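>>> coordinates only, sequence not included:
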């Protein structure tokens, strides 16, 4: 996946996340993190375990890997 595509996808997630922050839902007692929100959107019945497709699962794995890399870089 190209970096511009990833940036576009993250923008879409950010816009959905912004929308979610402005609506009170029964699903989240506090505003969800971006990761929680992604899992909510891309898992079957919002179970946050079973992804709707392999593409979503692969993207989430890459997102987690990148997040860990950035966390390790920041803490060094």
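The structure has been received and is ready for your questions. Predicted model, so just to flag it, every value in this text is computed and none were measured. Numbers count the residues shown, from 1 in each chain.
>>> tell me which residue is most central in the chain.
For the chain, residue 38 is the residue whose C-alpha lies nearest the centre (CA atoms, centre = their mean; 3.1 Å).
>>> list the contacts of that residue.
If a contact means CB atoms under 8 Å, 6 or more residues apart in numbering, then residue 38 has 13, 60, 63 as its contacts. (Each C-beta comes from the backbone N, C-alpha and C, glycine too.)
>>> helix, strand, or coil at the first one?
It refers to residue 13. helix (DSSP: H, G, I helix; E, B strand; the rest coil).
>>> neighbours around it, how many?
For residue 13, the neighbour count with other CB atoms under 10 Å is 17.
>>> kindly report the same for the last one.
The local packing count at residue 63 equals 17, with neighbours defined by other CB under 10 Å.
>>> thinking again about what came up before, show me what counts as buried in the helix or strand hosting the residue nearest to the centre of the chain.
Assigned by DSSP states H and E, residue 38 falls within helix 34-42. For helix 34-42, the neighbour count (16 or more other CB atoms under 10 Å) marks 37-40, 42 as buried.
>>> can I get these in CSV including distance to residue 29 and pLDDT?
Listed next are the buried residues of helix 34-42 as CSV, based on distance: CB to CB, whole Å; pLDDT from 0 to 100:
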residue, distance to residue 29, pLDDT
37, 14, 79
38, 18, 85
39, 16, 87
40, 13, 83
42, 21, 88
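>>> export those as JSON lines, with columns for distance to residue 7.
Formatted as JSON lines, the buried residues of helix 34-42 follow (distance: CB to CB, whole Å):
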{"residue": "37", "distance to residue 7": "17"}
{"residue": "38", "distance to residue 7": "15"}
{"residue": "39", "distance to residue 7": "20"}
{"residue": "40", "distance to residue 7": "22"}
{"residue": "42", "distance to residue 7": "18"}
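>>> and those residues, which is closest to residue 54?
residue 42 (11.1 Å; CB to CB).
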